[in-house]
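Undergrad: The sequence isn't on hand, but the structure is:
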């Protein structure tokens with residue numbers, strides 16, 4: 001199994017979600033696409049979520065925040081430049097090397113940290129979440145994507161995200177801030193770039209040297225940036 005990586009040079013969530021989708025044609029039974037990207041000042045909700053139940057919509061928009069909806073399920077997440085997003089696009093085959101949890105655990109170990117997998121999709125260090133993940137499919141391909149909190153603004157995250165109280169109670173915590181952790185708390189010199197390079201190193205990925213049709217990306221970005229999709233969840 002060969003990994004090919006690509007790093008987005010944009011921090012626009014609509015462009016980045018569009019680029020993710022446009023990478024599907026480059027994955028097959030022998031090739032896995034590792035896509036690394038960042039969104040600035042963004043809340044991304046799951047495909048089935050109600051925007052107004054998950055975050056302080058109007059306040060966030062007034063602070064020049066972006067609200068986006070992805071095509072995978074799962075909960076709302078806050079992205080800033082202290083968070084790294086990863087996507088693993090591959091054929092739906094049984095291969096332990098391409099499972100997101102195995103890859104993240106391997107990356108964390110290379111950085112000198114002992115992480116553990118918990119529940120349906122959470123990765124923890126010292127009992128606190130630093131990575132969440134979700135999956136969606138397109139034909140016979142899948143995209144496992146998620147977050148890695150490195151030096152994100154957890155106070156801002158906790159304020160703007162408004163999950164149901166029952167979600168926090170299931171995790172036996174009183175607030176988002178008490179549940180999550182930035183990796184810099186354990187390794188103060190850690191940077192987003194360091195984590196990116198660890199992803200590439202641990203997968204032995206080579207650069208994806210193809211020219212992706214920019215018109216296809218822009219067309220997909222228009223969809224992701226449409227009010228119909230963001231607030232209604234309809235295609």
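TA: Perfect, thanks for sending it. Keep in mind the model is a prediction, meaning the values are calculated, not measured.
Undergrad: what about the nearest residue to residue 219 once chain neighbours are set aside, which SS state?
TA: Leaving aside its sequence neighbours, residue 219 sits nearest to residue 18 (C-beta to C-beta, 6 or more residues apart in numbering; 7.8 Å). The C-beta positions use only the backbone N, C-alpha and C, and glycine is treated the same way. Three-state assignment for residue 18 (DSSP: H, G, I helix; E, B strand; the rest coil): helix.
Undergrad: what separates the residue nearest to residue 85 when sequence neighbours are not counted from residue 79, distance-wise?
TA: The shortest distance from residue 85 to any residue other than its chain neighbours is 4.9 Å, reached at residue 37 (C-beta to C-beta, 6+ apart). Per C-beta to C-beta, to the nearest Å, residue 37 is found 9 Å from residue 79.
Undergrad: Could you report the neighbour count for residue 211?
TA: Per other C-beta atoms under 10 Å, the neighbour tally for residue 211 reads 5.
Undergrad: And for the one 5 residues further on?
TA: Neighbour count for residue 216, taken as other C-beta under 10 Å: 14.
Undergrad: Residue 213 now?
TA: Residue 213, neighbours per other C-beta under 10 Å, totals 11.
Undergrad: list the contacts for it?
TA: Residues near residue 213 by C-beta atoms under 8 Å, 6 or more residues apart in numbering: residue 22.
Undergrad: Return the helix or strand in this protein with minimum mean pLDDT.
TA: When the helices and strands of the chain are compared on mean pLDDT, DSSP states H and E, helix 165-170 comes out lowest with a mean of 46.
Undergrad: And the one residue sitting closest to the centre of the chain, its phi and psi?
TA: By C-alpha atoms, centre = their mean, the mean C-alpha position of the chain lies nearest to residue 146, the distance being 2.9 Å. Backbone geometry at residue 146, expressed as degrees, to the nearest 10, gives phi -170, psi -170.
Undergrad: State the distance from it to residue 83.
TA: The gap separating residue 146 from residue 83 is 10 Å, by C-beta to C-beta.
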